[in-house]
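Engineer: take this sequence and fold it.
(3 chains)
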Amino acid sequence: MLCIKLSKENLLRAYRLLRKRFGFQHWWPAKTKDEMLIGAILTQNTSWRNVEKAIEGLRQKNMLSLKVIAGSSLASIQSSIRPSGFYRQKAKRLKQFSSYIVANYSSIGNFFKQSKEPRKELLGIGGIGNETADSMLLYAGNIPVFVIDAYTKRILGRVFGIGSEKMSYEEVQNLVMGLLPRDAGLFNDFHAQLVELAKRYCKKNPSCGECPLSNVCSYHAEKK
DNA sequence: AACCAGGAGAGAG
DNA sequence: CTCTCTCATGGT
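Structural biologist: Just a heads-up that it's a prediction; the model follows:
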């Protein structure tokens, strides 16, 4: 079977192709850090389209703020975020998270300045798993961690012909971060490009013909 | 009309 | 540690 080697050179080549096609992504799509953090929780196993509706619901009530959420009732949070699904859990998670940050650090900026082990601390809050924590670290804290999600696994699996779908979160993360320079700007835009690629071409029925990676993709090579 | 979406946690084995 | 279930709405 034809297989593109997973190497630093090929990863960066893929990134350049994506960026050339899609342009710099300017992620995360949020106006403030608080909004980014809230979006990270809302998007858990949920399409971004639905998350946008929930964010708009919060915006209309002036609730896109950790301090406001920390002081709001569960019922009022729930009613704002219903379109994003899992709204009972997510309301609880938003309030828990917000209360923790506000009570211990006052603001997310202080959290990133003062926390000695921010990743570990985020994971300890509850309702914050690997992907959500890493998204927060990278996109709100500008800390160089590569975010792994379902898209990243699917694309790495197809392009490089590796069984990344079965690999654990940390295995894939260590693999990618071991190959790339530790650059928050690169990790930021690279992950955003992968999401863009997945949304457009790398679905269950891939449209490889127009995929910017078709020339360097094992999956595509195998089909011809 | 089934199937999926930028996950996480609890429980079972 | 690895599976399986649950949480829930909205688009295709």
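Engineer: C-alpha from now on. contacts and neighbour counts both.
Structural biologist: Noted.
Engineer: look up how far A:Glu121 lies from the spatially most central residue of chain A.
Structural biologist: In chain A, the residue lying closest to the centroid (CA atoms, centre = their mean) is A:Ser135, at 4.8 Å. Counting by CA to CA, to the nearest Å, the gap from A:Ser135 to A:Glu121 is 14 Å.
Engineer: same check, this time on A:Val147
Structural biologist: 17 Å.
Engineer: ok, A:Glu222 next?
Structural biologist: 44 Å.
Engineer: looking at the two, which is more packed in?
Structural biologist: A:Glu121 (14 against 11; other CA atoms under 10 Å).
Engineer: what helix or strand is A:Val147 on?
Structural biologist: Counting by DSSP states H and E, no helix or strand carries A:Val147.
Engineer: to clarify, my last question referred to A:Ile41.
Structural biologist: helix A:33-42.
Engineer: and that helix, what does it pack onto?
Structural biologist: Secondary-structure packing of helix A:33-42 (3 or more CA pairs under 8 Å, 6 or more residues apart in numbering; DSSP states H and E): helix A:48-60, helix A:87-105, helix A:130-139.
Engineer: switch the cut-off to 10 Å
Structural biologist: Under the contact definition 3 or more CA pairs under 10 Å, 6 or more residues apart in numbering; DSSP states H and E, helix A:33-42 sits against helix A:48-60, helix A:66-70, helix A:87-105, helix A:108-114, helix A:130-139.
Engineer: any chance of these in JSON lines, plus distance to A:Ile41?
Structural biologist: Output for the helices and strands packed on helix A:33-42, formatted as JSON lines (distance: least, CA to CA, whole Å):
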{"stretch": "helix A:48-60", "distance to A:Ile41": "9"}
{"stretch": "helix A:66-70", "distance to A:Ile41": "12"}
{"stretch": "helix A:87-105", "distance to A:Ile41": "7"}
{"stretch": "helix A:108-114", "distance to A:Ile41": "15"}
{"stretch": "helix A:130-139", "distance to A:Ile41": "7"}
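Engineer: of those helices, which stretch is the most buried?
Structural biologist: When these are scored by mean count of other CA atoms under 10 Å, the highest mean neighbour count falls to helix A:130-139 (a mean of 22).
Engineer: mind putting the helices and strands packed on helix A:33-42 into JSON lines with distance to DNA strand C?
Structural biologist: Converted to JSON lines, the helices and strands packed on helix A:33-42 look like this (distance: least, CA to the nearest atom of the strand, whole Å):
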{"stretch": "helix A:48-60", "distance to DNA strand C": "5"}
{"stretch": "helix A:66-70", "distance to DNA strand C": "17"}
{"stretch": "helix A:87-105", "distance to DNA strand C": "3"}
{"stretch": "helix A:108-114", "distance to DNA strand C": "25"}
{"stretch": "helix A:130-139", "distance to DNA strand C": "13"}
